[in-house]
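*Asks:* No sequence on hand, only this structure:
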Ligand SMILES: Cc1cc2nc3c(=O)[nH]c(=O)nc-3n(C[C@H](O)[C@H](O)[C@H](O)COP(=O)(O)OP(=O)(O)OC[C@H]3O[C@@H](n4cnc5c(N)ncnc54)[C@H](O)[C@@H]3O)c2cc1C
Ligand code: FES
């Protein structure tokens, strides 16, 4: 009998490292980008994977926190060298991390999770809410043929057109918009208060982008769960494939504690709990029992 707890993305390939902070800079209101030097991890990280991060020398918080790999930075000789993570200041770890300066150390383990499989499409539509833009810079770079990832480097799926539909509460909370524009992503913004872009929900913008696009589209999505559920409804109605990257709270990040479970259906329609850390965080939206 097959083992019901088997997961495809156990952390067998992950490494735990003590890494040095290179820089820690403000990106937007309550939002920062920390860059740490970790050539080994940077070489292997795939778009949509995450790392677990702890503050070296602190007992509180004792356990790590999951953060998406935002970008893989190359050295002057073109080798993967550092990882960028963008974080919203929220609780114990992120409040302390803000005060970290270059030269201080973090404990990091990863890369973790399945990440986004490269699936061919003409138009990749990325939908982000809140801090959900963080898995998408690497993904856009890969689809646009600007950067390759993994060891050995994986075969990318290429497309000509990448759009980011990015929703936030207000303009001052949007982080990294220029990073996306610089690599050629078409950015469409929605804010709850109308301070930038469409005054309303990011799903309105998504529906518009899908209606305007006559190409074969594929949607990827990350953000608060109600927003991802709404995105899944829009893509379901439009009959467009959609993958979501879940942000369930995690304790271990490596499949042991079952803190991170989500209800996921199999092909027969039956649901079971899946661990977001080792079965995800990326799932087909139509398989999630919201
Ligand atoms: C795969 C994955 C990737 C992530 N990537 C990023 C990222 O790139 N940038 C980023 O800022 N955050 C990201 N997160 C969310 C981040 O891990 C949490 O917000 C984390 O709790 C912050 O740590 P903290 O110690 O500052 O806050 P904590 O002290 O842990 O928590 C603060 C509050 O948030 C609640 N909380 C904790 N985790 C979550 C969660 N996942 N969703 C909703 N509420 C939660 C707690 O119950 C508490 O009320 C990601 C989560 C996952 C699972
Ligand atoms: S976080 Fe422990 S099993 Fe997923």
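*Replies:* Nice, I can see it. Predicted model, so just to flag it, every value in this text is computed and none were measured. Ligands and ions are numbered 1, 2, ... in the order given.
*Asks:* Next, the buried residues of stretch 113-124.
*Replies:* Neighbour-count burial for stretch 113-124 flags 113-116, 118, 121, 123-124 (criterion: 16 or more other C-beta atoms under 10 Å). Heads up, the C-betas are built off the backbone N, CA and C, glycines and all.
*Asks:* In three-state terms, label the residue in the stretch 101-250 of the chain that ligand 2 sits nearest to for me.
*Replies:* In the stretch 101-250 of the chain, the residue that lies nearest ligand 2 is residue 250 (3.6 Å; C-beta to the nearest ligand atom). Recorded secondary structure, residue 250: coil (DSSP: H, G, I helix; E, B strand; the rest coil).
*Asks:* phi, psi of it?
*Replies:* Residue 250 adopts backbone torsions of phi -130, psi 140, taken as degrees, to the nearest 10.
*Asks:* Among the buried residues of stretch 113-124, which one lies nearest to ligand 1?
*Replies:* Within the buried residues of stretch 113-124, the smallest distance to ligand 1 is 6.2 Å, found for residue 113 (C-beta to the nearest ligand atom).
*Asks:* show me where the stretch 151-290 of the chain has helices.
*Replies:* Per DSSP state H, counting those that start in this stretch, the stretch 151-290 of the chain carries helices over the ranges 177-182, 202-212, 225-238, 276-279.
*Asks:* before we move on, back to that, strands - which of the buried residues of stretch 113-124 land there?
*Replies:* Among these, the residues falling in strands (DSSP state E) are 123-124.
*Asks:* So which residues on this protein come close to ligand 1?
*Replies:* Contact residues, the chain versus ligand 1 (C-beta under 6 Å from any ligand atom): 50, 61, 65-68, 85-88, 90-94, 131, 134, 247-250, 281.
*Asks:* can you tell me which residues contact the one residue sitting closest to the centre of the chain?
*Replies:* For the chain, residue 135 is the residue whose C-alpha lies nearest the centre (C-alpha atoms, centre = their mean; 2.4 Å). By C-beta atoms under 8 Å, 6 or more residues apart in numbering, the residues touching residue 135 are 47-48, 50, 68-70, 115-116, 222, 245.
*Asks:* ok, now residue 114?
*Replies:* Residue 114 neighbours (C-beta under 8 Å, 6+ apart): 8-9, 48-49, 279-282.
*Asks:* returning to what we had before: so which of the residues of the chain next to ligand 1 sit within helices?
*Replies:* Among the residues of the chain next to ligand 1, the ones falling in helices (DSSP state H) are 92-94.
*Asks:* from those, which is closest to ligand 2?
*Replies:* For these, the closest approach to ligand 2 (C-beta to the nearest ligand atom) belongs to residue 93, at 14.9 Å.
*Asks:* Distance check, that closest one against residue 66.
*Replies:* 10 Å (C-beta to C-beta, to the nearest Å).
*Asks:* Mutual contacts of the two, please.
*Replies:* Joint contacts of residue 93 and residue 66 (C-beta under 8 Å, 6+ apart) are residue 53.
*Asks:* Who has more neighbours out of the two?
*Replies:* Each of residue 93 and residue 66 has its neighbours counted (other C-beta atoms under 10 Å); residue 66 has more, 22 against 19.
*Asks:* Looks like that one contacts residue 51 (just checking).
*Replies:* Yes - counting by C-beta atoms under 8 Å, residue 66 does reach residue 51; the two are 7.5 Å apart.
*Asks:* Now do the shared contacts for those two.
*Replies:* Counting by C-beta under 8 Å, 6+ apart, the common neighbours of residue 66 and residue 51 are residue 112.
*Asks:* tell me the domain boundaries of this protein?
*Replies:* As assigned by automatic domain parsing, the chain contains the domains 11-112, 123-287.
*Asks:* Please name the strands paired to the biggest strand by length in the chain in the sheet, noting orientation.
*Replies:* Across the chain, the longest stretch assigned as strand under DSSP E is strand 15-28. According to DSSP bridges, strand 15-28 forms sheet pairs with strand 31-37 (antiparallel), strand 105-112 (antiparallel).
*Asks:* Which residues are in contact with residue 93?
*Replies:* Each residue near residue 93 by C-beta under 8 Å, 6+ apart is listed here: 53-55, 61, 64-65.
*Asks:* Need the nearest residue in space to whatever residue of the stretch 51-200 of the chain ends up closest to ligand 1, chain neighbours excluded.
*Replies:* Closest residue of the stretch 51-200 of the chain to ligand 1, C-beta to the nearest ligand atom: residue 91 (2.1 Å). Among residues not flanking residue 91 along the chain, residue 61 sits closest, at 8.0 Å (C-beta to C-beta, 6 or more residues apart in numbering).
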